[in-house]
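Visitor: Below are the sequence and a predicted model; questions follow.
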Amino acid sequence: MKYLDLVSTYEKLDNTTKRLEMIDHLVELIKKTPTDLIDKIFYLTLGEPSWIGKPEIGMAEKLAIKTISASFGIPVKKIESHLKKVRGLSSENRTTDLGSFVGTLKGKKQMTLIKPKPLTVSQVYSTFEKMRTFSGSGSQERKMKSLASLLGNASPKEAKWIIRTIEGKLRVGIAEMTMIEALAIAFTDDKTNKEIIENAYNLRCDLGYIAKELAVNGIKAIKNIKIQIGNPIRMMLAQRLATPEEILEKLGGKCALEYKYDGIRIQAHKNEDKIVLFSRNLESLTEQFPDVREYIKGINVNQLILEGECVAYDITKNKFKPFQELMHRRRKYDIDKVKEQFRVKLFVFDLLFLGRKSYLNESYVKRRKELENLIKNNGLSTAKNLIVESPKPFYDFLDNSIKDGCEGVIAKSIQIDSIYKAGARGFLWIKYKHSYQENLGDSIDLVVVGANMGRGKWAGVYGAVFGAIYDKDTDSFKTTCKIASGFTEDVLKTLMDLFDPLRIKKQDPRVELPKEIKPDVLFSPNIVIEVRGDEITLSPTYSAAFGEFKENAGLSIRFPRFIQIRKDKNPEDATTTDELIQMFQNQNKK
DNA sequence: TGTGCCTGCCC
DNA sequence: ATTCTGC
DNA sequence: GCAGAATGGGCAGGCACA
């Protein structure tokens, strides 16, 4: 099978936003794919599941640019400035990404050369597989050589999609769910079978495997896929709503509330003495948390799958450590040493499998009850919970969760149909964070001092803007974060017009921008925007309130999002250093 | 051997 | 993670 | 309301290079 067959599907997908049309193209592709290549098509399109343990390709945008620079003899700087320029253009011309750029380079070169033999799907796939295996000194060079030789044999279109694949995002509007629907139609002529396939995928999170199984053994084999201890289950996710009142209404007037701990989600599998741990995205965490494995080992059953939130805990102060400190535990080396430094607790909140029985289709109430029976006297806790039937106790429980150092609560349905809906972000679980209920006083006003150009569907507008606080003492603006979320397309267009007259070539002397941070464009400090975040964090990067709380660290914002433009404010009316310091202190009193 | 850039993955 | 948008 | 695509801060680790 030619790689061009895959590429032409990508091109068609890229040219439509209609889901049904996309699915048609995918069905056509799947139908003409030989059985032995079906999994590879899926891996090339969606990426491979990483829980299997293969090394990553370890190559993304910058190394792709370096490769292109070497193979075409164009300096890296030139490629980067070209990209910056085309990203300022509208996305209509579809040449705003690195892949398309390589395509045009190939197009120019190809004129004088004999057309190379078309690439095959196996050839492209096996080159990527080979690149995964390179490590150690000189490995980047070898990866670049492999990619360069692939590009050397590629047509302009092929080159474009090879680069997009390496960049890790095809961004053609398809992902797992669309592929599953296409599978159902291609192999069973009945799109309602997508539920069966999705269900199997939830238990065996490898669509390449599922596709091949379907191709070889049919839908019956897919129905037979069951939980296997040691293979991760796709995690159930929570929806969000604006108020506790809405949540109660959605859940039928009553629900269970659980603390939303600020840590890492862990799915633990126990088979006799063998314990393995998975992250929310199904990466292995087994090696990182030997202490958690010990806790699980202490549970007196042979087969078990459960989930909990792993939080760093300060034993002497008897309170949680910030998420940032827990992150020190995500490491490969010095685990034994660091595990003493950052002790963790696991707050267990769900039971997925026990003995020989799946609990996925049991109700929340039953799962929770079984869980409480299991988690006794072995160093583990269950997530703190309470059943509520009205807003008042809801708010009280929420307040307590904040006082105890949590982010908020997860409201869970206690109806009879409240199953563990693997892989789904449905309304059986609804999260409500403290940050949702903050009033306007808790947002901050930042002066915009620069921006990056957007990519993909945001080509032609800014993809992110840099925000700064005002420092009264020095009469200067200190960058504190970058904002990209919360913009509607209208606002993005407005920003283009608003900032056009403010563009400057050289940094304004009153603006302090950390040297590692290089915006695509700079603005003289003028426009103020309102920004909301979940919390203020210590920042190794940004210089706002630098050194006030920690040596060589400033303050930044976790999950910053744009709220509105504040035309009524002058740059000097922005949040000041003193105010930010005050906010940080208040937040840490809790 | 130290530093800076890049990547992948937590949220 | 948050947020927006086409279907 | 789903599915997908824009984008955030910040941690460790791998590699290149001085």
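Guide: On my side now, so go ahead.
Visitor: Poorly predicted segments of chain A, please.
Guide: Residue ranges of chain A with pLDDT under 70: A:91, A:93-94, A:110-115, A:377, A:438-441, A:590.
Visitor: For it, what lies in contact range of DNA strand B?
Guide: A:50, A:56-64, A:168, A:262-265, A:279-281, A:283, A:285, A:323, A:327, A:330, A:516 (Cβ under 7 Å from any atom of the strand). All C-beta atoms are positioned from the backbone trio N, CA, C, and that covers glycine.
Visitor: and A:Pro514, backbone torsions?
Guide: phi -50, psi 150 (degrees, to the nearest 10).
Visitor: what's it in contact with, if anything?
Guide: When the contact criterion is Cβ atoms under 8 Å, 6 or more residues apart in numbering, the partners of A:Pro514 are A:479, A:541-543.
Visitor: the helices in the stretch 201-350 of chain A, which residues?
Guide: Counting by DSSP state H, counting those that start in this stretch, one finds helices in the stretch 201-350 of chain A at the ranges A:207-223, A:244-250, A:290-297, A:323-326, A:335-341.
Visitor: Same list (the ones you listed) but as JSON lines, adding mean neighbour count.
Guide: Supplementary listing: the helices of the stretch 201-350 of chain A in JSON lines, determined by neighbours: other Cβ atoms under 10 Å:
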{"stretch": "helix A:207-223", "mean neighbour count": "18"}
{"stretch": "helix A:244-250", "mean neighbour count": "17"}
{"stretch": "helix A:290-297", "mean neighbour count": "19"}
{"stretch": "helix A:323-326", "mean neighbour count": "16"}
{"stretch": "helix A:335-341", "mean neighbour count": "12"}
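Visitor: mind checking which of those helices is nearest A:Lys457?
Guide: With respect to A:Lys457, and counting by Cβ to Cβ, the nearest of the helices of the stretch 201-350 of chain A is helix A:207-223 at 24.6 Å.
Visitor: what does the closest one contact?
Guide: Judged by Cβ under 8 Å, 6+ apart, the contacts made with helix A:207-223 from elsewhere in the structure are A:30, A:35, A:38-43, A:46, A:48-49, A:176, A:179-180, A:183, A:187-188, A:193, A:196-197, A:200-201, A:204, A:225.
Visitor: where do the strands sit along the stretch 351-500 of chain A?
Guide: Chain-ordered strands for the stretch 351-500 of chain A, with DSSP state E, counting those that start in this stretch as the definition, fall at A:357-358, A:381-382, A:385-388, A:408-412, A:425-433, A:444-453, A:462-471, A:476-483.
Visitor: With respect to A:Val521, which of those lies nearest?
Guide: Each of the strands of the stretch 351-500 of chain A has some distance to A:Val521 by Cβ to Cβ; the shortest is strand A:444-453, at 5.3 Å.
Visitor: Flag every residue of the stretch 401-550 of chain A that's near DNA strand D.
Guide: Counting by Cβ under 7 Å from any atom of the strand, the residues of the stretch 401-550 of chain A lying close to DNA strand D are A:424-427, A:452, A:454-458, A:463-464, A:481-485, A:537-542.
Visitor: follow-up on the earlier one: let's have the helices of the stretch 201-350 of chain A in CSV, adding distance to A:Lys85.
Guide: Shown next, in CSV, are these (distance: least, Cβ to Cβ, whole Å):
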stretch, distance to A:Lys85
helix A:207-223, 38
helix A:244-250, 46
helix A:290-297, 49
helix A:323-326, 37
helix A:335-341, 45
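Visitor: Redo those helices as a markdown table? Include distance to DNA strand C.
Guide: Written out in a markdown table, the entries for these read as follows (distance: least, Cβ to the nearest atom of the strand, whole Å):
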| stretch | distance to DNA strand C |
| --- | --- |
| helix A:207-223 | 20 |
| helix A:244-250 | 14 |
| helix A:290-297 | 18 |
| helix A:323-326 | 10 |
| helix A:335-341 | 23 |
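Visitor: Can you tell me which of these is nearest to A:Val76?
Guide: Comparing those against A:Val76 with Cβ to Cβ, the closest turns out to be helix A:323-326 (32.5 Å).
Visitor: which secondary structure elements does that closest one contact?
Guide: Contact partners of helix A:323-326 among helices and strands, from 3 or more Cβ pairs under 8 Å, 6 or more residues apart in numbering; DSSP states H and E: strand A:303-314.
Visitor: what pairs with the strand it packs on, and is each one parallel or antiparallel?
Guide: Here the strand partners of strand A:303-314, with direction, are listed using DSSP bridges: strand A:264-271 (antiparallel), strand A:319-320 (antiparallel), strand A:343-354 (antiparallel).
Visitor: In CSV, list these along with mean neighbour count.
Guide: Supplementary listing: the strands paired with strand A:303-314 in CSV, determined by neighbours: other Cβ under 10 Å:
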stretch, mean neighbour count
strand A:264-271, 22
strand A:319-320, 15
strand A:343-354, 22
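Visitor: Would you map out the domains in chain A?
Guide: Using automatic domain parsing, the domains assigned to chain A come out as A:3-166, A:237-437, A:444-588.
Visitor: what would these look like in TSV with distance to A:Asn217?
Guide: TSV is the format used below for the domains of chain A (distance: least, Cβ to Cβ, whole Å):
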stretch	distance to A:Asn217
domain A:3-166	11
domain A:237-437	22
domain A:444-588	38
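Visitor: DNA strand D is nearest to which of the strands paired with strand A:303-314?
Guide: strand A:264-271 (10.6 Å; Cβ to the nearest atom of the strand).
Visitor: so that closest one versus helix A:290-297, what angle?
Guide: Between the axis of strand A:264-271 and that of helix A:290-297 there is an angle of 50 degrees, by axes from the mean of the first three to the mean of the last three Cα atoms, to 10 degrees.
Visitor: How is A:Asn193 assigned, secondary-structure-wise?
Guide: Reducing the assignment at A:Asn193 to three states with DSSP: H, G, I helix; E, B strand; the rest coil gives helix.
Visitor: Next one: it from A:Val216, what distance?
Guide: Taken as Cβ to Cβ, to the nearest Å, the spacing of A:Asn193 relative to A:Val216 amounts to 16 Å.
Visitor: Next: A:Lys433.
Guide: A:Lys433 is 45 Å from A:Val216, where distance means Cβ to Cβ.
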